[in-house]
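Asker: here is my input, please return the structure:
(3 chains)
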Amino acid sequence: MRALDIAARLLVRGLVLAAVLFLMLPLLVACILSFDARSFLGPFPPPAYSLRWYRAFLDNPAYMDGFWISLQLAVVAAALATAIGTAAALALADPRLRGARALEALFLSPKFVPTVVVGFSLLVFTARLGLFDPFTRLVMGHTIITLPFTLRAVLASLVGLRRSHLEAAMSLGATEARALWDVAVPAARSGIVAGAAMAFVLSFDEVAVSLFLSDAFTQTLPIALVAEMRANLNLTVAAVSTVFLGATLLLLLVLDRTLGIERLAGDVAARG
Amino acid sequence: MALRLWLLVPALLALIILMGGPVLVLGLESFRPFIPGSVRTGEGFTLFHYLELLQPAYLFYIWETFRFGLIVATLAVLGAAPLAYAAVRSPRAWVRKGLLAMLVGMLVMSLIARLYAIEMTWGSNGPLAPLGALTGIAPRSPRYAEVQVAIGLLHFCLPVVALMLVGTFRALSPRLEEAASSLGATRTDAIVSVVLPLAAPGLVSGFLVALAMCISNFIAPLLLGRGVVVFTTSLMYTRFADIGNYPSGAAIGVVMLVLSFLVVYGLTALAQRVFPK
Amino acid sequence: MTLTVQNLTRRFGGALALDAASLDAGPSEVVALLGPSGCGKTTTLRIIAGFETADSGSIQLAGQDLMRLAPHARDIGLVFQDYALFPHMTVADNVGYGLRRRGQPAAARAARVGEMLDLVRLTGLEKRRPAQLSGGQQQRVALARALAIAPRLLLLDEPLSNLDARLRGTLQTELRDILTRIGTTTLIVTHDQEEALALADRIAIMSQGRVLQLDTPRMVYERPTCRFVAEFLGRSLWLEGALQGGVFVTRAGTALPCSAPHAPGPHGLLLRPEALSLREAGDGEATLPATILALRYHGHAMQVELRVEGAPLTLELPHRETWPEPGTAVTLAFRPEAGQAVAEAIA
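Answerer: Below is the predicted model:
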């Protein structure tokens, strides 16, 4: 049935195109609107262009403060999650460890807890403990939600490490700790970096947890954005969107040069 | 061996202090009575907040959450499969690279920015409003929020499912399709009779992941829902933020947690029965 | 350094992996642990290296109790079956790793690394990564790495099994040369008899967790202590029966001359194929009746399948003008010294 085949293939091509447009068009529209000269949100397309919204973004202290907080938070949370996740992955990769599967499932479980629940429960918990510093609470929340990702990433990259490598190092005079440092950690290098990067991005973009754990003076950028937009929706968010888009494109370029996009996507797919 | 056990301690501590403890406290909190107008919760034990959820209004919210989840998850898999297939099997390198770059980029791209971009694009002022109107709901009407939330959730899930399916399709040897075509199957035949059955476990996994992502998503109904679309997640937030009713929020949280685990583990177990790997 | 292993016992779950296994190796001696998979040879090696524990028994190296030392303190060189080269380090860094752990300064390390690479004939490959090396080269780096620390004992786990047949031959000779030159006491685990015969000064035949015989290759082949050893090495004809007086009487009732047995218990008669000739008996020779089953032409020789007293036997015989037809009854002749009464099993 050649005709059916051709029709089906056209349909699929159409679907792919539709999917691509579906994903990309909103970003494109936001990009164009970010240069809109009007002071309100009017019908598309914009009649005139200006940089006012970018200025609005940069001039707004709430956004700038938010950016800083988000950056610091992401760095700290990613560092913590990477350290804890790497240590746990090194332990789980040992074939002698009994119940490694169960432990792995346990450590990955935060992934299945809705972030709203994480945020709210941490709020209640820290209040009970008398811990009110918002940045600490945010670090706690962001660390636990990114931990499954760093753990998975490092564990995946340790797959190629064989017990014999560590035993070889030990037979040559390294204690077990030294062997892990000399042999296992370098083997996991790509996973550690990928995990840290994922944790950073996740933390930067995280809303639900931050919403519960921020306060009026310590807001992450997403929170500042949501707060301002809920009060008064304007095109500053389009400017922010375009800036993020630019940063993402840059990141993709760098990743392609260093790792190659196809391989990276394969890694991402494997690490889920 | 002892060293390895020590290496587990930080993660165990993190889990206990950052998740175990909080969830436990959440559970305890959910049984306390709420004193309106006061931040403090009352003493005592009550099942009121849970019983309250059995009212039709609240059951409706739970149903709404699942309804969106099921619809969007299905759409996500339907859209992601061709994308992933093209990203893996397209003979043109620029197509493969471009698609993969787009998918990875979407993962990294801020969801809030994307949601507002969707509002601007599909909203009544946006260029795709006429397309949105094809759903039968006028872009200007309050109910249109449903369309926007659905689109927002789809935008959220699609790249994730697509990347998962990239992994699934990569694992299938191209030789299988070649063998099918050498035996006389058209491309479509080959895909339907060989690729799809083998990819089925991956497709099911993708569906489940999308479903879990949708029902626990909070920001899409919050930003685009306009009060019309209420998920259990945003309900939880409004309980806490607008009313200050911690115990009720806690009860909703506990219910959400249980539902979320049931969906993921329960459906996964079911799927493994149907598709023994 | 002298290695003494005594009564090593190890259980895994319900199964006995090692059953009071004992062996020893003298200074500069190469001992092969030879046996089928599951016999316990690898477990023995790993216990000596320190990566497994024994339930009971002792291991002494140069008089020092080894079992109380952690693996990294045992000063034992180990060459793994999969080579286990550190993938992220260069060849030079791999070989020098043990020296670095011992705190040797860079200059001394570089000199020693160069010396070792010379020994295994890989000079010039210092900067390469393991992934860029062939199997044979990786094996040599693994050896150089283990020897760089001048260990008291060298352990090799199936050193040549991952290499293709042609490479194996050349590397066997090289390995033997290196081992002789270095002079370190060496233990080689292998399932390949050819390898054991070629490399070892003495061979320990293991089966089911026990060392059945520890002796020179010649003695193990020519004077096996039990049936397993006899049948494991080379080809053999084993005849059931019993010793009566000084003669072995087979089940079928044939009386054959034999040597005195080493051990008590039920015995069998061992005859090596090379001792048998397909002809009538000459002066002072003994004979065995046999039936020809099949003949296969192999160019340089004829492979003759026979049945001898119910047992199968394959002989490779040189060219002759005419061969008996399959089904014919023939006689096999052999010198009386060739027949050995060997115990079925050792207690």
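
Asker: for the rest of this, base every contact and every neighbour count on C-alpha atoms.
Answerer: Noted.

Asker: where does the chain have low pLDDT?
Answerer: Since no chain was named, I'll use chain A. A:1, A:261-272 (pLDDT under 70).

Asker: so which bits of it are right by chain C?
Answerer: By Cα under 8 Å from any Cα of the partner chain, the residues of chain A that approach chain C are A:162, A:164-165, A:167-175, A:183, A:186-187.

Asker: pick the one among these closest to chain B.
Answerer: A:T175 (10.3 Å; Cα to the nearest Cα).

Asker: count of residues packed around the closest one?
Answerer: Here the number of neighbours of A:T175 (other Cα atoms under 10 Å in any protein chain shown) works out to 19.

Asker: how close does it sit to C:A110?
Answerer: Note on A:T175: its distance to C:A110, by Cα to Cα, to the nearest Å, is 23 Å.

Asker: return the distance of C:L233 relative to C:P36.
Answerer: As defined by Cα to Cα, C:L233 lies at a distance of 11 Å from C:P36.

Asker: more neighbours, those two?
Answerer: Remark: of C:L233 and C:P36, C:L233 carries more neighbours, 20 against 16, as counted by other Cα under 10 Å.

Asker: quick one, helices of the stretch 51-200 of chain C?
Answerer: Here the stretch 51-200 of chain C has its helices, by DSSP state H, counting those that start in this stretch, at C:91-101, C:106-119, C:135-148, C:165-182, C:193-199.

Asker: hang on, I meant chain A
Answerer: Ranges of helices within chain A are A:2-33, A:52-59, A:61-92, A:100-108, A:115-129, A:134-157, A:163-171, A:176-179, A:185-187, A:189-205, A:208-213, A:221-231, A:236-258, A:261-271, based on DSSP state H.

Asker: turn the ones you listed into CSV, columns for distance to C:L78.
Answerer: Converted to CSV, the helices of chain A look like this (distance: least, Cα to Cα, whole Å):
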stretch, distance to C:L78
helix A:2-33, 55
helix A:52-59, 63
helix A:61-92, 23
helix A:100-108, 28
helix A:115-129, 49
helix A:134-157, 26
helix A:163-171, 6
helix A:176-179, 15
helix A:185-187, 21
helix A:189-205, 26
helix A:208-213, 52
helix A:221-231, 55
helix A:236-258, 37
helix A:261-271, 34
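
Asker: of these, which is nearest C:E126?
Answerer: Closest to C:E126 of these, according to Cα to Cα: helix A:163-171, at 18.8 Å.

Asker: which parts of that closest one are buried?
Answerer: By 16 or more other Cα atoms under 10 Å in any protein chain shown, the buried positions in helix A:163-171 come out as A:S164, A:H165, A:L166, A:E167, A:A168, A:A169, A:M170, A:S171.

Asker: likewise for stretch B:194-208?
Answerer: Neighbour-count burial for stretch B:194-208 flags B:V194, B:V195, B:L198, B:A199, B:P201, B:G202, B:L203, B:V204, B:S205, B:G206, B:F207, B:L208 (criterion: 16+ other Cα under 10 Å).

Asker: just the element for the residue most central in space within chain B, please.
Answerer: By Cα atoms, centre = their mean, chain B has its centre lying nearest to B:M213, at 1.7 Å. Per DSSP states H and E, B:M213 falls inside helix B:196-216.

Asker: please enumerate residues in contact with the helix or strand following that helix?
Answerer: Once the chain leaves helix B:196-216, the next helix or strand it forms, by DSSP H and E, is helix B:219-224. By Cα atoms under 8 Å, 6 or more residues apart in numbering or on different chains, the residues outside helix B:219-224 that reach it are A:207-208, A:226, A:230, B:112, B:115-116, B:119, B:145, B:148-149, B:152-153, B:229-231, B:234.
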